[in-house]
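J.: Predicted model and sequence below, questions to follow.
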Amino acid sequence: MAAILIIEDNETMREGMVQVLKKAGYQVFSCENGEDAFFKLEHHKVDLIISDYRLPGMNGLEVLDKVKSINSRIAVIIITAYGSVDMAVEAMQKGAGDFITKPFSHNELVIKVEKQLDDIQQKDELVRLADENLYLKEELEEKCNFGEIIGHSEKMQAIYKTIDKVSRTDSTVIVYGESGTGKELVARAIHKAGNRADKSFVRVNCGALAAGVLESELFGHEKGAFTGAVRRKRGRFELAEKGTIFLDEIGDLPAETQVKLLRVLQEREFERVGGEETLTADVRVIAATNKNLQELVEKNIFRQDLYYRLHIIPIYLPPLRERPIDIPLLCRYFLKQIGKEIGVPDLTINDEALNKLIHYRWPGNIRELKNILERSAVLAEDSELKVSDLILFTENNPKPTETTDLNEILAEVERKTIKSALEAAHGIKSKAAQKLGIKTSALYYKLEKYGFITKEGEDQHD
């Protein structure tokens, strides 16, 4: 039961508030001045103080200052006279949770009290979970090596349990989730926690390459298979032998490639492009998509038999807006990383800014959160991020997909240009680099930067 202390020198008003709040189910103490209030605080645990501004002795703002210096957790509501706007603003700036203007109704009083107590409970829960998460994360990393997956919400706890279970098998897994929710992190966690952890984890972005280039990337090609194929190239399935292949954006897989992938899943066999030798694939397959595959099946865009082969063990990642309780943990984790990168090791965020992030809708999910924190940290005037440092995509700002950031626009143009050059060069990177007028080593760097290849999955003989 929450405990409330009322400080009001008008006996009629004081007793009226006491009766209203007791009827609402709260434990209520009362007194008529600040000196008596602090005597009661020494002997009783109090969650919320409601204090009139005009009191004999110290006034309401002086009470507020002293309360916050003793215990910042205690919420304070200041009662003001009608029209005292400046004083109410000053009270909020000094740390008051809210103010209420005379005359006020019993209903208004109860609503404001409930809101303050709810805020206290939420802050206490966030602190508890933050401390508990640090301990649990260490435990989970030791047992299952979940790495950078952060969160202690019920939905994330269910994800951890699923990862733990599926990592003990070689069953095909498909991870569903919006862009930026961490699908690749889940795939890597499953790989690292399984019996293939000492082998390769190879990532393929099925939506980043044209059909012909993608087929060569997945299955490889023989010398002379097409113009520019000057040597044999091993595909990603060969590179992932005994390990795990992660097929990201599987919903964008071209129809002709779907047929060949189905054969790999059913028979564990494939041929290189232009080759006759049948190769075997001892590979654990994990796929991911931000699309509804069942709807794509109904529209005849995605093969039904391939869908059933992939949909052995589905994992559904919640969007960040459905687990706001995890945002403080993610902020602490990312700010520690960002602080090291920009040379500000004590990088923090204040409660007001954190509260703004908690109540934001996060269309870009965790990826957007990290980008916003990084941008804010770089531009902030000091090591504590404030509301004024945050730039969120609200209704009055550009949508994430309609960026006006020059760096993002140029990066997207560069990514599309590289993709076109690869397609024209049939996936031959040296030829694509020549078309782009850059060194092959520079092209490899950009391919990794934009997710076309990974260090683990690249064929060094190409």
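T.: Received it, and whenever you're ready, just let me know what you need. The shown structure was predicted, so the numbers you read here are calculated from the model rather than taken from an experiment.

J.: can you give me the helices for the stretch 301-450 of the chain?
T.: Here the stretch 301-450 of the chain has its helices, by DSSP state H, counting those that start in this stretch, at 304-310, 327-342, 351-358, 365-379, 406-424, 429-436, 440-449.

J.: Of all those helices, which one comes closest to residue 320?
T.: helix 365-379 (4.6 Å; C-beta to C-beta). In short, each C-beta sits where N, CA and C put it, glycine included.

J.: Show me the shaky parts of the protein.
T.: Low-confidence segments of the chain (pLDDT under 70): 82-84, 127-148, 393-411, 441, 453-462.

J.: Might you report the residue contacts of the residue most central in space within it?
T.: Centroid-nearest residue in the chain: residue 366, 2.4 Å away (criterion: C-alpha atoms, centre = their mean). Residue 366 makes contacts with 180, 181, 182, 320, 330, as judged by C-beta atoms under 8 Å, 6 or more residues apart in numbering.

J.: Kindly report the same for residue 443.
T.: With C-beta under 8 Å, 6+ apart, residue 443 has these contacts: 418, 429, 432, 433, 436.

J.: go on, residue 149?
T.: 156, 159, 160, 182, 185, 186, 189.

J.: burial measure for the fourth one, as a count.
T.: Yep, that's residue 182 we're talking about. Neighbourhood size, residue 182 [other C-beta atoms under 10 Å]: 23.

J.: does it really touch residue 317, like I thought?
T.: Yes: using C-beta atoms under 8 Å, residue 182 makes contact with residue 317 at a distance of 6.4 Å.

J.: Let me know the helix or strand that residue 63 is in.
T.: Here residue 63 sits within helix 60-70, counting by DSSP states H and E.

J.: what's in contact with the next helix or strand after that helix?
T.: Proceeding C-terminally, helix 60-70 gives way to strand 75-80 as the next helix or strand, assigned by DSSP H and E. Contacting residues not belonging to strand 75-80 are listed as 8, 47-53, 60-61, 63-64, 67-68, 87-88, 91, 95-102, 112-113, 116-117, 119-120 [C-beta under 8 Å, 6+ apart].

J.: Same question for the very next helix or strand once past strand 75-80: list its buried residues.
T.: Following the chain from strand 75-80 toward its C-terminal end, the next helix or strand by DSSP H and E is helix 85-93. Neighbour counts over helix 85-93 (16 or more other C-beta atoms under 10 Å) mark 87, 88, 90, 91 as buried.

J.: for stretch 56-71, same thing?
T.: 58, 59, 60, 61, 63, 64, 67.

J.: same deal with stretch 179-199?
T.: Within stretch 179-199, judged by 16+ other C-beta under 10 Å, the buried ones are 180-194, 196, 199.

J.: picking up where we left off before, which one of the contacts of residue 443 has the most neighbours?
T.: residue 432 (24 neighbours).

J.: Touching, it and residue 419? I think so.
T.: No: Residue 432 is beyond contact range of residue 419, at 9.6 Å (criterion: C-beta under 8 Å).

J.: thinking again about what came up before, and the contacts of strand 75-80, which are buried?
T.: 8, 47-53, 60-61, 63-64, 67, 87-88, 91, 96-100, 112-113, 116-117, 120.

J.: so what's residue 346 up against?
T.: By C-beta under 8 Å, 6+ apart, residue 346 lies in contact with 339, 383.

J.: rerun at 6 Å
T.: residue 383 (C-beta atoms under 6 Å, 6 or more residues apart in numbering).

J.: isn't there a helix covering residue 50?
T.: No: counting by DSSP: H, G, I helix; E, B strand; the rest coil, residue 50 is not part of a helix but strand.

J.: what about it, distance to residue 75?
T.: 9 Å (C-beta to C-beta, to the nearest Å).

J.: Over to residue 291?
T.: In terms of C-beta to C-beta, residue 291 sits 45 Å off from residue 75.

J.: same check, this time on residue 241
T.: In this view, residue 241 and residue 75 are 60 Å apart by C-beta to C-beta.

J.: Next SSE downstream of the helix or strand that contains residue 107?
T.: According to DSSP H and E, residue 107 maps onto helix 106-144. Where DSSP H and E defines the elements, the next helix or strand beyond helix 106-144 is helix 154-166.

J.: distance between the next helix or strand after that next one and the chain's centre?
T.: Remark: after helix 154-166, the chain's next helix or strand is strand 173-176, criterion DSSP H and E. Here strand 173-176 is found 18 Å from its chain centre; the criterion is C-alpha atoms, centre = their mean, to the nearest Å.

J.: same question, stretch 196-203
T.: 25 Å.

J.: May I have it as PDB, with CA atoms only?
T.: What follows is stretch 196-203, C-alpha atoms only, in PDB (Å, rounded to 0.1, in the frame of the first residue of the first chain):
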ATOM      1  CA  ARG A 196      28.600 -26.100 -34.800                       C
ATOM      2  CA  ALA A 197      30.000 -23.100 -32.900                       C
ATOM      3  CA  ASP A 198      33.600 -23.800 -33.900                       C
ATOM      4  CA  LYS A 199      32.700 -23.800 -37.600                       C
ATOM      5  CA  SER A 200      31.700 -20.900 -40.000                       C
ATOM      6  CA  PHE A 201      28.700 -18.700 -39.700                       C
ATOM      7  CA  VAL A 202      28.000 -17.500 -43.200                       C
ATOM      8  CA  ARG A 203      25.500 -14.700 -43.900                       C
END
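
J.: And the buried residues of helix 85-93, which two are furthest apart?
T.: Across the buried residues of helix 85-93 (C-beta to C-beta), the longest gap, 7.3 Å, separates 88 and 90.

J.: and residue 446, what does it touch?
T.: Here residue 446 is in contact with residue 418 (criterion: C-beta under 6 Å, 6+ apart).

J.: what's the spacing between it and residue 221?
T.: 22 Å.

J.: next one: residue 335
T.: 45 Å.

J.: Of these two, give the one with the bigger neighbour count.
T.: Counting neighbours by other C-beta under 10 Å for residue 335 and for residue 221 shows that residue 221 has the greater number, 27 against 22.

J.: What about residue 44, how many residues nearby?
T.: If you count neighbours by other C-beta under 10 Å, residue 44 ends up with 11.

J.: and the nearest residue to it once chain neighbours are set aside, what are its phi and psi?
T.: In space, and not counting its chain neighbours, residue 44 is closest to residue 29: 6.0 Å by C-beta to C-beta, 6 or more residues apart in numbering. Backbone torsions of residue 29, given as degrees, to the nearest 10, read phi -110, psi 160.
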